[in-house]
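Novice: Pasting the sequence and the predicted coordinates here, then a few questions.
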Amino acid sequence: MEPLQAEIDAIRSQLEALKQERESLKVDPVLPSYDSPEAIVEAYRRHARETSQMSAEIKGIDDAIAALEAKLKQLVGQPLELLQRQRKQNSLEQQLDEDKQRAQGHAERINDLAAELAEEVQALKAIADDISTDYWQLHGKPFITGFSRVTVPHVRSDGAVWTIVNKVV
């Protein structure tokens, strides 16, 4: 931001100097004698010859002032656009961080529920193991099947990418 501010200050300083110079350069009006039409024409021609260089210099100063004012307007407007883009980017990053925190809360809740579910499945399996032989003898079929395929979800992250995996209970 320092070089930009220095450039803006330099343009403002140059503009002020040009405006002061412009005010000091004035072309005096033609004051012809109204004696004859030839005298009037001669007065205007003489005035044009005498002031042509001054008029060209004034025109050049006016053009330079206009160009510097346009450049100043562009430079002063540029930081505003940059600031707005940064604010939008910061807002987007802030929203993303908030959403990631909410997602992390849900992931932790899923992992807690998965751990609780795994405990319940293991308790059920322990009961099934205890009564399986007796149940088989009495009913001629297994009490519970499918324990080898029981999985619970687990959310993990390497910091940037989150992954949901199925853990076998």
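Specialist: Arrived safely, thanks for sending.
Novice: what about V152, neighbour count?
Specialist: 19 (other C-beta atoms under 10 Å). C-beta coordinates here come from the backbone N, C-alpha and C atoms, glycine included.
Novice: Does the nearest residue to it once chain neighbours are set aside belong to a helix, a strand or coil?
Specialist: The shortest distance from V152 to any non-neighbouring residue, by C-beta to C-beta, 6 or more residues apart in numbering, is to A114 (3.9 Å). Reduced to three states with DSSP: H, G, I helix; E, B strand; the rest coil, the structure at A114 is helix.
Novice: wait, doesn't A114 sit right on R156?
Specialist: No. Look at A114 against R156 with C-beta atoms under 8 Å: they stay out of range, at 11.3 Å.
Novice: Contact partners for the residue nearest to V152?
Specialist: V152, P153, H154, K167 (C-beta atoms under 8 Å, 6 or more residues apart in numbering).
Novice: Generate a PyMOL selection restricted to the buried entries among the residues you listed.
Specialist: In PyMOL syntax, the buried subset of the contacts of A114 is picked out as below (16 or more other C-beta atoms under 10 Å):
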select buried, resi 152+154
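Novice: Please name the residues that touch S132.
Specialist: Contacts of S132 by C-beta under 8 Å, 6+ apart are P142, F143, I144.
Novice: One more pass at 10 Å, please.
Specialist: K125, P142, F143, I144, T145 (C-beta atoms under 10 Å, 6 or more residues apart in numbering).
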